[in-house]
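Participant: Sequence unavailable; structure follows:
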């Protein structure tokens, strides 16, 4: 019998906590019955939810803790209050101990990054973690990173992101040598911050076998699918992600109002609703929820804090795939394919 | 008789040049018959286009030059080749000489910013220019800046952007004290680059009469209309703008394909096409084309390089409003309302 995929959940994470996490796990279990869950958090709250999902209860083990990281905790506060004993920490630690293949949390990003870093430690050769997500484009999916784990960074950091991101894209999209672009405000060589131009030069000079560096990509090139992997430091990456989410929401909202304002448009909507449903599914942030924290000795998935059960299930699904396809090992192999992970900075 | 609004056009700017600029001017003239144009560029090309628009020809003066800045010219190249004699330079210079109230160009951003800065010089108290645009939100329009004129910048630069942006918003939206937010990757005080946190502190401490600083705004807060003015340095601003444009295009494209794939959806589309047209108009980058270059002793409008005639007309319209309502003077008054423009950095 093949081994089960074991997933550790921070049942207290997110705006809602167990009332979203547990139903989300139930949805995910239906899709992947070969899953087992470790549920960390307030046992009373968790069991109350589990009572509604007997199958999930049968596939889960509850580990009680009183301590939960709040959405407003600063990373330092979270570490001080929640290290060793919070639901977030314990879920991550289960990965470290090998009790789970992946941890999933909808808790606050800063705390999650800090705890994961503290508990799992950075992979050899990687200095700082990154959040990577699969981004739907007009040409299929791309990997975009860093979406906000690390603010700023030098050329070497950007090169490390390029290598990690293309390893993830290779494995997820089954590509031999994914195309990689650096996010910039123009495609000309002279544009942008110095570290971006320097990273471009490094990537070109290195001509790595595992990635095909294609140059700069502008903000509208992400959604156009200009590259399989789009690389930027965490500030710009987060701005791009949130601006995109905001625009999608704005458009959906506007379209809804425009349709509601006319009876004929409403009839038209009913006829075209298949198309609208496709659009909504495509735009639904829940559908592409779940970023992967890369660069650590273990996989942690960050879910949106404000997600619903469907969205949390989607984040679990990202984690499931990471374990099921043993992506961490594969990414590690990719990273180490040529001996050194990322070149040391030139003297 | 009231004075005409005189607008200088770089007829060679953009991907297409005169074949878009002249029809764009013709559209704009229909909307605002009290306009006169100075058209700078290749007289043969301009006159060939003008022949199609007798009314525009009557309202225009053509000033010939052989030299045009290309879309690929680096700022330094553009200045070397095109200073004093290119269509872009001459249009800007017309503003300096008082022959026109505003210059409009679809030429390359880097060259335009460099030339405008060189020709018009910075306003007293402002160190670096900014591109500001009116951004449609779920709550009405906001001003967003900097969209790419200046990369990076310290806290004082961000404060200057806040002051200029809110002056523009006051005048355009007739607000006494517009709300101002700093773009950041979280709303908590501890988030983001140090200069952003420092600018936040300065804005709070200064408590300026001309703007109401409300805190950090995330990427999705721009489209939600969280603030009347959203301030960021040019790199992130450009990424946010382009990511938004890309998303809008991606969604429109997806919706079109979804509708074309089903006969019933097509019928539905025909019935709901009023709503779709509203959406398209709202999403059409041409409709909100035209950013204002702020911080200089004169107004220059930057149009998208790849715009069509309708889009270029919209950029001219932004320029028309700036002149018609004498926005530069008003912005200057706003800026100088309390004596000093932007505080000197604390020692």
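Facilitator: Yep, it's here. Here the structure is a predicted model, which is why all the values come from computation and not from measurement.
Participant: and the residue of the stretch 51-200 of chain A found nearest chain B, how many residues sit next to it?
Facilitator: Residue nearest to chain B within the stretch 51-200 of chain A: residue A:185 (4.1 Å; CB to the nearest CB). Heads up, the C-betas are built off the backbone N, CA and C, glycines and all. Residues lying near residue A:185 (other CB atoms under 10 Å in any protein chain shown) number 26.
Participant: Show me where chain A has its strands.
Facilitator: A:5-10, A:35-41, A:60-64, A:102-105, A:130-137, A:140-145, A:179-183, A:212-217, A:229-231, A:291-294, A:299-302 (DSSP state E).
Participant: which secondary structure elements does the shortest one contact?
Facilitator: For strand A:229-231, the packing partners by 3 or more CB pairs under 8 Å, 6 or more residues apart in numbering or on different chains; DSSP states H and E come out as strand A:140-145, helix A:155-173, strand A:179-183.
Participant: Determine the longest helix present in chain A.
Facilitator: helix A:234-260 (DSSP state H).
Participant: Report the mean per-residue pLDDT for that one.
Facilitator: Helix A:234-260 comes out with an average pLDDT of 86.
Participant: these two touch, right, residue A:192 and residue A:216?
Facilitator: Yes: Residue A:192 is within contact range of residue A:216, at 7.1 Å (criterion: CB atoms under 8 Å).
Participant: Near chain B, which residues of the stretch 1-150 of chain A? Just list them.
Facilitator: For the stretch 1-150 of chain A, the contact set with chain B under CB under 8 Å from any CB of the partner chain comprises A:72, A:74, A:109, A:110, A:137, A:138, A:148.
Participant: where are the low-confidence patches of chain A?
Facilitator: Within chain A, the segments meeting pLDDT under 70 span A:1-2, A:189-190, A:279-287, A:337-347.
Participant: So which residue is dead centre in it?
Facilitator: Centroid-nearest residue in chain A, with CA atoms, centre = their mean: residue A:291, separated by 0.4 Å.
Participant: and that one, how far is that from chain B?
Facilitator: Using CB to the nearest CB, to the nearest Å, residue A:291 is found at 13 Å from chain B.
Participant: List the contacts of that residue.
Facilitator: Contact analysis of residue A:291 by CB atoms under 8 Å, 6 or more residues apart in numbering or on different chains lists A:131, A:132, A:133, A:147, A:301, A:302, A:318.
Participant: What residues are bridge-paired with it?
Facilitator: residue A:302 (DSSP bridges).
Participant: how about the longest helix of chain A: buried residues?
Facilitator: For helix A:234-260, a neighbour-count test (16 or more other CB atoms under 10 Å in any protein chain shown) marks A:234-252, A:254-255, A:258-259 as buried.
Participant: excluding its backbone neighbours, what's nearest residue A:85?
Facilitator: In space, residue A:85 comes closest to residue A:67 once its chain neighbours are excluded; the distance is 4.7 Å by CB to CB, 6 or more residues apart in numbering or on different chains.
Participant: picking up where we left off before, spit out the contact partners of the closest residue to the residue of the stretch 51-200 of chain A closest to chain B other than its chain neighbours.
Facilitator: Of all residues not flanking residue A:185 in the chain, residue B:238 sits nearest, at 4.1 Å (CB to CB, 6+ apart). Residue B:238 makes contacts with A:185, A:219, B:147, B:148, as judged by CB under 8 Å, 6+ apart.
Participant: Show the backbone phi and psi for residue A:107.
Facilitator: Residue A:107 adopts backbone torsions of phi -70, psi 180, taken as degrees, to the nearest 10.
Participant: what sits against it?
Facilitator: With contact taken as CB under 8 Å, 6+ apart, residue A:107 is in contact with A:10, A:12, A:13, A:14, A:69, A:71, A:88, A:305.
Participant: now with 6 Å?
Facilitator: The contact partners of residue A:107, by CB atoms under 6 Å, 6 or more residues apart in numbering or on different chains, come to A:10, A:13, A:69, A:88.
Participant: how near is the nearest residue to residue A:195 once chain neighbours are set aside to residue A:143?
Facilitator: For residue A:195, ignoring the flanking residues on the chain, the nearest one in space by CB to CB, 6+ apart is residue A:155 at 4.7 Å. With distances taken as CB to CB, to the nearest Å, residue A:155 is found 20 Å from residue A:143.
Participant: With neighbour numbers in mind, choose between these two.
Facilitator: Neighbours per residue, other CB under 10 Å: of residue A:155 and residue A:143, the larger number sits with residue A:143, 27 against 21.
Participant: looking at the sheet around the more buried one, what are its partners?
Facilitator: Under DSSP bridges, the beta-bridge partners of residue A:143 are residue A:134, residue A:229.
Participant: isn't it right up against residue A:231?
Facilitator: No: look at residue A:143 against residue A:231 with CB atoms under 6 Å: they stay out of range, at 9.2 Å.
Participant: any shared contact partners between the two?
Facilitator: residue A:165.
Participant: who's in contact with residue A:87?
Facilitator: Residue A:87 sits next to A:10, A:11, A:12, A:40, A:41, A:65, A:68 when contact means CB under 6 Å, 6+ apart.
Participant: could these be laid out in a markdown table, adding neighbour count?
Facilitator: Converted to a markdown table, the contacts of residue A:87 look like this (neighbours: other CB atoms under 10 Å in any protein chain shown):
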| residue | neighbour count |
| --- | --- |
| A:10 | 29 |
| A:11 | 34 |
| A:12 | 28 |
| A:40 | 33 |
| A:41 | 28 |
| A:65 | 20 |
| A:68 | 24 |
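Participant: for the residues you listed, which one is nearest chain B?
Facilitator: Minimum distance to chain B across these is 17.8 Å, recorded for residue A:68 (CB to the nearest CB).
Participant: Just the buried residues of stretch A:129-145, please?
Facilitator: Judged by neighbour count using 16+ other CB under 10 Å, the buried positions of stretch A:129-145 are A:129-137, A:141-145.
Participant: what residues does that stretch touch?
Facilitator: By CB under 6 Å, 6+ apart, stretch A:129-145 touches A:113, A:117, A:146-149, A:161, A:165, A:168-169, A:223-225, A:228-230, A:291-296, B:250.
Participant: what does stretch A:40-47 give?
Facilitator: For stretch A:40-47, contacts defined as CB under 6 Å, 6+ apart pick out A:10, A:11, A:12, A:18, A:39, A:62, A:63, A:64, A:87, A:90, A:91.
Participant: which residue sits closest to the third one in space, ignoring its chain neighbours?
Facilitator: For residue A:12, the nearest residue in space outside its immediate sequence neighbours is residue A:68; the separation is 3.7 Å by CB to CB, 6+ apart.
Participant: got it, and the first one?
Facilitator: Of all residues beyond its chain neighbours, the one nearest residue A:10 is residue A:105 (3.7 Å), with distances taken as CB to CB, 6+ apart.
Participant: one step back: residue contacts, the residue nearest to residue A:12?
Facilitator: Residues in contact with residue A:68 (CB under 6 Å, 6+ apart) are A:12, A:86, A:87.
Participant: Of the residues you listed, which belong to helices?
Facilitator: residue A:87.
Participant: What is the nearest of the contacts of residue A:68 to residue A:27?
Facilitator: residue A:12 (18.9 Å; CB to CB).
Participant: And that closest one, how close does it get to residue A:275?
Facilitator: Separation of residue A:12 from residue A:275 (CB to CB) stands at 39 Å.
Participant: same check, this time on residue A:76
Facilitator: Counting by CB to CB, the gap from residue A:76 to residue A:275 is 48 Å.
Participant: So between these two, which is more surrounded?
Facilitator: residue A:275 (24 against 12).
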